[in-house]
Every structure is written in structure tokens, then in C-alpha cells.
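Q: What follows is a predicted structure for the sequence shown.
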Amino acid sequence: MEHPVVTTVVEGSPAHGAGIHTGERLVEVNGRQPTDVIEYQQLTDVATVTLLVRNHGDEDRVVVIEKADGEPLGLFVASAVFDRVRTCDNHCPFCFIYQLPKGMRRSLYLKDDDYRLSFLYGNFTTLTRFTELDVERVLTERLGPLYVSIHATDPELRATMLRNPRGATSLRWLEVLLDGGIEVHGQVVLCPGINDGAALDRTLCDVLDRYPTLATLGIVPLGLSDYSKEPDLRAHTAEEARAAIELVESYQALFQRALGRRVVHAADELYLVAGRELPGVGAYDTLDQAENGIGLWATFAQAFKRRRRSLSVRPGFFQSVEGAPALGYRAPHGGAATATGAARARVVVLTGEYAAPLLSRLMSAEAIEGIEVVAVENHFFGGNIAVAGLLCGADVARAVHAQGTNATYLLPDACLTNGRFLDGIALDELGADIRPVATDGATLRREIEVLISSR
């Protein structure tokens, strides 16, 4: 088991006052070796914390810290899991990690199926590596919400989709978690001709019958890149997407009558493929799966119109666990703008092919003039990948070249991690005035208004 490495010591915190330094390792906390940052927080949530710290020269020292009960220690560490992340032993043909080209950064190829990362970051787990000890810990420590990939409730079909025989039985843990009062959100990655149609009908019926306390169930369409090697996978047709939405909406009515809430919702992307109008905010019970594309546009549009973040979208529970680093897709988005100050003659918003027409109509409805919206085609991944968060540097560079450098570009920061795109290209390598903007409607509205006034 690795000892967590301190990456940040908050100035003025108890840890700072005790002389803890970045780069040091926490060997023990109150006489124990924590296995993850969740246990670390529990151990440090008391008034007296005794740390066994190992410095850069591999010398150990004991540090006793006195603080208020429940006061944060003021440390952040390099990883969320200290023993080892439980990697996924499923081989789902639709897994996007299998659809990545070679040569990308190593962290993108890590498949996890760890319930702790589900709790901390909102990652979806299949529960195929879940054990009796895990369920005991979750129930005892109330580690929720958790996020579970259901895909299908038919045991044989689920095992086939996960390419893992344990997929046939692992949903028993979902029932145990729900019976224990743990909040759980589910998802179904919908694959045409595989788990849609009658199979989706059965899944929704089983959720109503067997898992009625499931908090939400998101139905998201298959994302298929040009790198997929699965001959049986294909993108949805408009007709298939419409059929899936109609089935979801019929079950929403059943859930509403039986439970007083809709429970199941189709992803925005399904509505766009179907050519259907996207639902407004009032069509959703909660926005807990907005980051999974469930009601994401509704939250964006309402915030854009109101010029403020009036909607509560859960950002991930790692923010409430002291010491947890922002890893994976929770890593810091965006990067430094390549220019600041007054806008150039033209202001162009770059976004994905799905969002571009929606954003154009929204700005027209809000009487915002003089702002262009350009859809960036995703050549890097290809297939049906058209979301803004998967834009890559080469494609953005191609769009900027076509539009010209005499413009100020606004770019959703979701496609950047620490200033770099998924293809490794840095924002400052593009040679244009490009300004990353937080991917929420209110921030984009404010940035547009500032640039308009500066011209």
C-alpha cells in the first residue's frame, strides 16, 4: 500500500502550523494506515491528530496536531485511493476507453470499477467487483450517493454486455444498497439492437418493480468513435432515438403514478438525434445527472437567460472530502487565456456540433447580436462524437484557421485539462486569441457581455 504524498498544505491551517511540508508522506494517521482519502478524513476529523510523517530523506517523525473537532487538517494528497484502485475486469464493447487511439496520456486508459471513486467523483461502477466487506463499509459509513451502470436487468444480456459472467448476478448488490437506504443513481448506455426496444422495456419495468427507491436512471446513447473495433455497434438512427424517448416518457408516467416522481430520463443527446425539442428544467425531478447529459442543456439555457447560476447541479462529492485530489475528469479544466483585454473585431464561440445550433437559437432568442457560433467537427475521434467536452486541439486549430486569427474565440473549458486538449495540444500552441470559459450558461453570458462592451 502506498503512503499518500502531500501535494498542498493550506496556509494558516493546523497542518501548516505544525510544519507539514509538500512532498512528505503520511505513513500513519492516529496509528493506522488509511486505505483511501475517505478513511483519512474520518481519522483526522477529531481534535487531536497524530501523524507519522516521512520526509524527503526517508526519515520518520511524529507530529501531533491539536485543532477543533471537525476542523479540516489543511492537507491535500496526490491520490484518492492509497491501497490500489480497483480496475475494471469487464470488457464492455461500448466502453469509450477501448475506442481511444494510441498515444494519448496514460491516465485516459485506466478503467476503474471502484465504488470509492463512485462516491468521491461520481464515476459509474458495475458492482462486479463489489464484495460483502464493501457493502458493510458503504452501509456503515453511509457512503452515498453511488452511481451504478445497470445497462440491462436481464441477467444473461447484462453478462453479455459486460463480457463478464458476474454481470448476471452483481445487481444483487444494488438491491442491498437501496434496501440499506443508500442513495444510488443508475445509467443505461443504450446500444441499438442490443439493449433497446424490448430489452429496455424490461429494464424499466424491473427498475419499477425491483428497485423503486433508485434515485434516478439516465438513458444515454452509445458514443462511437472511429476507433471502435466492434462490428455489432452502430449509432442510433433518428427513428430509434425517437422510439427510445417515447418508451422512456411512457415509463415516466408510470413512475409518476406509482412513486410520485419520474425517475427515468433520456439524455439530451437522444433528443438531438431524434430531432425532438429538448425538455425544459421543469421536466426533471432532479439535476443530479446533468453531468451525464441528463438535462444539461436545460440547466445551461436557464442559467444563460437568468445571468446567474440559479440551478443546483451536483459537482461531485470529492469537494466535500478533505484531502481528495481533483483527478480524472474532475481535474482542473481550462487554462490561461491566450489573450486578455478588449475583444477583436469578431467574437466567435467555438463548441461541439450538438451544442452549436442550440446556442445560436438561444442567443437569437435573447437578442444577442454580433456573436458568431461555430460548430467544431470532431475529426480526432470521428464517429458520432459531437459533444463539446471531447473537442481536441487539432480540430479547434482547424476551425480557427478557417475562421482567421482576427477574432476573439470563446471555448468551453470542459475540453481542456490544465491547459491541454485530449490530443495533447496545448491551448497556447494555437496562435490565436482563445479564451476558455467555464461551461455554464451564466459564465458564458457574462463573458459575452463583457466582450461586447469592450469592442
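A: In hand now; what should we look at?
Q: any idea how far Tyr121 lies from Asn90?
A: To Asn90, Tyr121 is 18 Å away according to CB to CB, to the nearest Å. Yep, even glycine has a C-beta here, placed from its N, CA and C like the rest.
Q: let me fix that: Gly275
A: As defined by CB to CB, Gly275 lies at a distance of 33 Å from Asn90.
Q: Compare the two (neighbour count), which wins?
A: Asn90 (20 against 9; other CB atoms under 10 Å).
Q: quick one: the strands in the stretch 1-150 of the chain?
A: Remark: strands of the stretch 1-150 of the chain, listed N- to C-terminal, are 6-9, 25-29, 48-54, 60-66, 75-77, 146-149; assignment by DSSP state E, counting those that start in this stretch.
Q: Other residues contacting stretch 95-112?
A: Defining contact as CB atoms under 8 Å, 6 or more residues apart in numbering, one finds that stretch 95-112 is touched by 85-88, 90, 92, 123, 125, 223-225, 227-230, 328, 380-381, 383, 422-424.
Q: next one: stretch 63-74
A: 9-10, 12-20, 44-53, 322-323.
Q: And Asp423, how far from Tyr227?
A: In this structure, Asp423 and Tyr227 are 13 Å apart, going by CB to CB.
Q: mind listing what Gly19 touches?
A: Shown here is Gly19, whose contacts under the criterion CB under 8 Å, 6+ apart are Val63.
Q: What's the end-to-end length of stretch 12-28?
A: From its first residue to its last, stretch 12-28 covers 23 Å (CA to CA, to the nearest Å).
Q: That one: how far from the chain's middle?
A: Computed by CA atoms, centre = their mean, to the nearest Å, the chain-centroid distance of stretch 12-28 equals 30 Å.
Q: Out of the contacts of stretch 63-74, which end up buried?
A: Among these, those classed as buried by neighbour count (16 or more other CB atoms under 10 Å) are 9, 13-15, 18, 20, 44, 49, 51-53, 322-323.
Q: Around the nearest residue in space to Phe381 that is not next to it in sequence, how many other residues sit close by?
A: Closest residue to Phe381 in three dimensions, ignoring its sequence neighbours and counting by CB to CB, 6 or more residues apart in numbering: Ser225, at 4.2 Å. Other residues within reach of Ser225, judged by other CB under 10 Å, total 18.
Q: same deal with Ala298?
A: Burial measure for Ala298: 21 neighbouring residues, criterion other CB under 10 Å.
Q: Just say helix, strand or coil for it.
A: On the three-state scheme (DSSP: H, G, I helix; E, B strand; the rest coil), Ala298 is labelled helix.
Q: mind listing what it touches?
A: When contacts are counted by CB under 8 Å, 6+ apart, Ala298 is found next to 278-281, 283-284, 287.
Q: do the same with Ile245
A: Neighbouring residues of Ile245 by CB under 8 Å, 6+ apart: 266, 270-271, 274, 276.
Q: Apart from its chain neighbours, what residue comes closest to Met363?
A: For Met363, the closest residue by CB to CB, 6+ apart turns out to be Ile371, at 6.0 Å.
Q: Dump the buried ones among the contacts of stretch 63-74 into CSV; add pLDDT as well.
A: Formatted as CSV, the entries for these read as follows, by pLDDT from 0 to 100:
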residue, pLDDT
Val9, 93
Ser13, 93
Pro14, 94
Ala15, 93
Ala18, 94
Ile20, 94
Thr44, 92
Val49, 94
Leu51, 95
Leu52, 95
Val53, 95
Glu322, 66
Gly323, 65
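Q: what's the closest of those residues to Arg166?
A: When the buried ones among the contacts of stretch 63-74 are ranked by distance to Arg166 (CB to CB), Gly323 comes first, at 32.0 Å.
Q: Return the distance of stretch 7-23 from the chain's centre.
A: Its chain's average C-alpha position is 30 Å from that of stretch 7-23, according to CA atoms, centre = their mean.
Q: Can you give me the end-to-end span of that stretch?
A: For stretch 7-23, the separation between the terminal residues is 6 Å (CA to CA).
Q: and the helix or strand containing Ser250, how far from the chain's centre?
A: In this assignment (DSSP states H and E), Ser250 forms part of helix 238-259. The offset between the C-alpha centroid of helix 238-259 and the centroid of the whole chain comes to 25 Å, using CA atoms, centre = their mean.
Q: just stretch 207-223 next, same as before
A: 17 Å.
Q: Please enumerate the strands of the stretch 351-455 of the chain.
A: So, for the stretch 351-455 of the chain - with DSSP E, counting those that start in this stretch - the strands run 371-376, 407-412, 433-437.
Q: Including mean neighbour count and mean pLDDT, could these go into a markdown table?
A: Below are the strands of the stretch 351-455 of the chain laid out as a markdown table (neighbours: other CB atoms under 10 Å; pLDDT from 0 to 100):
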| stretch | mean neighbour count | mean pLDDT |
| --- | --- | --- |
| strand 371-376 | 18 | 96 |
| strand 407-412 | 24 | 94 |
| strand 433-437 | 21 | 93 |
